[in-house]
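*Asks:* Sequence plus the predicted model coming up.
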Amino acid sequence: MQRSDNTSTHRIIIHIDFDYFFAQCEEIKRPEIKDKPVVVCIYSGRTKESGVVSTCNYIARKYGVKSGISIKIAKAKLAQVSQAVFLPSDIKHYSEKSDNAMTLIRDFLDNYSLSATSSIVFQPIKCVKFEYIGLDECFVEVTEKADFDFAKAKELANNLKKQIRKETGLTCSMGIAPNKLIAKIASDLQKPDGMTIVEPDEAKNFISKCNVDKIPGIGPKTTAKLLEMGIRTGGELSAFGLFRLIDAFGKKYATYLYKSGQGIDNEPVKSRGSAKQIGRIITLKRDISQTTSEIDGELEYICKSVYKMALDQNVIFRNIGILLILNNLDNITRSKSLKTHSRDFHELYSSVKSILNETLNNYPNIKVRRLGIKLSDLKDNEGQNTMLNFINNNIINTKTK
DNA sequence: GAACAGAAAAC
DNA sequence: CCTCCTTTCTGTTC
């Protein structure tokens, strides 16, 4: 598939997805739970058991436990299983584990030489592109590393998999394909510890048989809408025709859908830029309707927590917003821009308070269940004022015990 | 073109 | 009766 002028006719992209990540981290940390159902929970703090399942291992999945269901229901499903393990999520630990694995992936690829060529010239090609998606997920492009050859990419991927397993204990699932769209769908097909390869000439056929809800960017709403239009698969999606899709979805999204249905995706694997917004959301102990001193503590807590994130990432902010999730699960967002970028905690805190007050006054009848704040329009803090950061950080740390 | 709100998606 | 974090897009208004 390589042309004589040395330009490629295709890319080779691997999507790497660590299996049942949070729960697997816990299994590695304490091997004695490995053959029991393991459920990692996010406790909301509202009542003792309120919250949802974040991730669970495959043993727990056999009993119908899965991400997103309430802890209460998960416990009911595992009621007969005396050995079931419920753990609070330890994001810090998972982040470290993720960092290690991601670093390992980069290093491995930077130094990787195919056995066939390495004995002749040892010259690692530093041409691997890496894209971080989330704690448990990334893309890498290995087109040149694998010499445009999917068989070589498969060998590389298997070596990488072994290495990840050896160094971190983690298993992962991989999809190897000519673009990110198909690589991502493919990695999900054989789990856990699986590998699925879709070569360029299979791409169109592969996607034509996929259900539309497997396509990234198509969620529940769009799936339902497509179903009403009689579209269930990628093939039916592109057969529907670009123009009629535009009528239903607008030009931009329709074009994405139409191309996806044919397995076409030219998005490059690119390293992630800095965050565009940072935020935090909490569940209140009790629903509130008016501003009451009852939530002062919580308000201060999330403001500090988000402010600390800004300090950690060394950014200053101009836009400050709140998010209210009501007892009926409707959301309201309100935000305001400051005159200039700020790095001042009290400006943040008083802005949040005034936006919140104003909003609650405008909706006297709502019941707020969860409260979030976010900072956006972020800017790099130019590096200076490190001392001031230090002092601010200390204020935050000492105030929040 | 900026500012803001909301929807949708994915994690 | 149910978490949390972030991105991107769209529509509206000024």
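*Replies:* Nice, thanks for sending it over.

*Asks:* Work out for me the element the closest residue to DNA strand B within the stretch 251-400 of chain A sits within.
*Replies:* Nearest residue of the stretch 251-400 of chain A to DNA strand B (CB to the nearest atom of the strand) works out as A:S337 at 3.1 Å. The C-beta positions use only the backbone N, C-alpha and C, and glycine is treated the same way. Remark: A:S337 resides in strand A:331-342, with elements defined by DSSP states H and E.

*Asks:* rewinding a little: secondary structure class for the nearest residue to the residue of the stretch 251-400 of chain A closest to DNA strand B once chain neighbours are set aside?
*Replies:* Spatial nearest neighbour of A:S337, excluding adjacent residues (CB to CB, 6 or more residues apart in numbering): A:N319 at 4.8 Å. The assignment at A:N319 comes out as strand when based on DSSP: H, G, I helix; E, B strand; the rest coil.

*Asks:* Please report how far the residue positioned nearest the centre of chain A lies from DNA strand C.
*Replies:* Centroid check for chain A by CA atoms, centre = their mean gives A:G134 as the closest residue, at 4.0 Å. Counting by CB to the nearest atom of the strand, to the nearest Å, the gap from A:G134 to DNA strand C is 8 Å.

*Asks:* A:Y301 versus that residue, what's the distance?
*Replies:* Distance of A:G134 to A:Y301, computed by CB to CB, to the nearest Å: 25 Å.

*Asks:* again with A:I133
*Replies:* 29 Å.

*Asks:* And A:K285, by the same measure?
*Replies:* For A:K285, the distance to A:Y301 - CB to CB - is 12 Å.

*Asks:* Quick check: beta-bridge partners of the closest residue to DNA strand B within the stretch 51-200 of chain A?
*Replies:* Each residue of the stretch 51-200 of chain A has a distance to DNA strand B, by CB to the nearest atom of the strand, and the smallest belongs to A:G134, at 2.9 Å. When bridges are called by DSSP bridges, A:G134 pairs up with A:E137.

*Asks:* and A:M102, what is it in contact with?
*Replies:* Taking CB atoms under 8 Å, 6 or more residues apart in numbering as the contact definition, A:M102 lies against A:Y132, A:C138.

*Asks:* confidence score at it?
*Replies:* Listed pLDDT for A:M102 reads 96.

*Asks:* Specify the local secondary structure of it.
*Replies:* helix.
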